[in-house]
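A.B. asks: here is a sequence with its predicted model. Questions after.
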Amino acid sequence: MSHTISLYNGGASPLPEFSSTPWCYAVHSLNSGLMIIRPDGKIDQINDSLRMMFSKYGASPQFDWQGVSFFELPPAVFGRSSYEDFFEAVYLPSVRDVLLGNHNYYSAEYAIDVTGKTVWILCEARTLVTDTENTSQGIVVSFTNITRYKQREIRLEHALSHSCSIHGHVPICAVCKHVREGEEWEPVESFLESRTSMEFTHDICPSCIRRLYPKYSSVLDEPRNSSEVD
């Protein structure tokens, strides 16, 4: 069975474009954007998802991608961002290394600004091999929106950074139960809340009710029915 994806064959022009097959429809229906870069560094094909993604993130909908050198594209094509230094110094050289066969795979995460909101993109580049002789036909570059997962990761890192284990002996006042941290004393609640993910809510125990509010304490001695217990 032969693949129907257009690939550069080393001649003056690319092979025919995607043909109308279930494989073609699957490629265009992916959530991830896909791009095929020929061995000469020029873009051969992109799927519909990538065309819509780039248009959404700042590229002109009328931009003609086919035949354009990937390595001459300005950073703004990949989204409104402030990562130009990374783009020039790391991103393009790393993708070029995959194209030249120095590496088989490269991935990078970068953030772009979309109407005031941060969108995270995972870019992956892989060598494209289509025959039994492992001859490189260029590379496939994918672009995946990972914002939801990145936000979850950031929230988790934030939670971990604001929590810690408390080890050793903690000096606590035998009377007021304040905790000493260095030369300062603070309530045990704030001490724990500032160092763990713990949060306190206030209640009053039966012993304190009897001691502080004796005229109301009789309610503690009243029998409770099963519905109240439940």
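C.D. replies: Right, received. Where do you want to start?

A.B. asks: dump the residue contacts of K177.
C.D. replies: P187, V188 (C-beta atoms under 8 Å, 6 or more residues apart in numbering). C-betas here are computed from N, CA, C, even on glycine.

A.B. asks: which residues touch stretch 119-138?
C.D. replies: So stretch 119-138 is in contact with 3, 7-9, 36-39, 44, 57, 78-79, 91, 94-95, 98-99, 101, 104-113, 139-147, 149-151, going by C-beta under 8 Å, 6+ apart.

A.B. asks: tell me the average confidence for it?
C.D. replies: Averaging pLDDT along stretch 119-138 gives 85.

A.B. asks: show me what counts as buried in it.
C.D. replies: Within stretch 119-138, the residues that count as buried by 16 or more other C-beta atoms under 10 Å are V119, W120, I121, L122, C123, E124, A125, T127, L128, S136, Q137, G138.

A.B. asks: tell me, what residue is most central in this structure?
C.D. replies: Closest residue to the average C-alpha location of the chain: K150 at 2.2 Å, with C-alpha atoms, centre = their mean.

A.B. asks: tell me the secondary structure of it, please.
C.D. replies: Under DSSP: H, G, I helix; E, B strand; the rest coil, K150 falls in the helix class.

A.B. asks: again with the one 5 residues further on
C.D. replies: Of the three states, R155 takes helix under three-state DSSP.

A.B. asks: okay, now it: neighbour count?
C.D. replies: Other residues near R155 come to 10 when the count uses other C-beta atoms under 10 Å.

A.B. asks: going forward, count from 47.
C.D. replies: Happy to do that; since the first residue is 47 now, the last one works out to R201.

A.B. asks: check it and give its pLDDT.
C.D. replies: At R201, pLDDT is 86.

A.B. asks: please apply the same query to P107.
C.D. replies: 72.

A.B. asks: again with V73
C.D. replies: 88.

A.B. asks: that one: which element?
C.D. replies: helix 68-75 (DSSP states H and E).

A.B. asks: quick one: list the elements packing against that helix.
C.D. replies: Helix 68-75 makes packing contacts with helix 94-102 when contacts are defined by 3 or more C-beta pairs under 8 Å, 6 or more residues apart in numbering; DSSP states H and E.

A.B. asks: tell me the buried residues in the helix it packs on?
C.D. replies: Buried, per 16+ other C-beta under 10 Å, within helix 94-102: S95, L96, R97, M99, F100.

A.B. asks: same question for stretch 221-234.
C.D. replies: Applying a neighbour-count criterion of 16+ other C-beta under 10 Å, one finds H224, V225 buried in stretch 221-234.

A.B. asks: quick one, phi psi at the residue lying closest to H149 once chain neighbours are set aside?
C.D. replies: Excluding its sequence neighbours, the residue lying closest to H149 (C-beta to C-beta, 6 or more residues apart in numbering) is D143, at 4.9 Å. As for D143, its main-chain torsions (degrees, to the nearest 10) stand at phi -60, psi -40.

A.B. asks: and the angle from the longest strand seen in the chain to helix 94-102?
C.D. replies: Ranked by residue count, the top strand of the chain under DSSP state E comes out as strand 163-175. For strand 163-175 and helix 94-102, the angle between their directions (axes from the mean of the first three to the mean of the last three C-alpha atoms, to 10 degrees) works out to 140 degrees.
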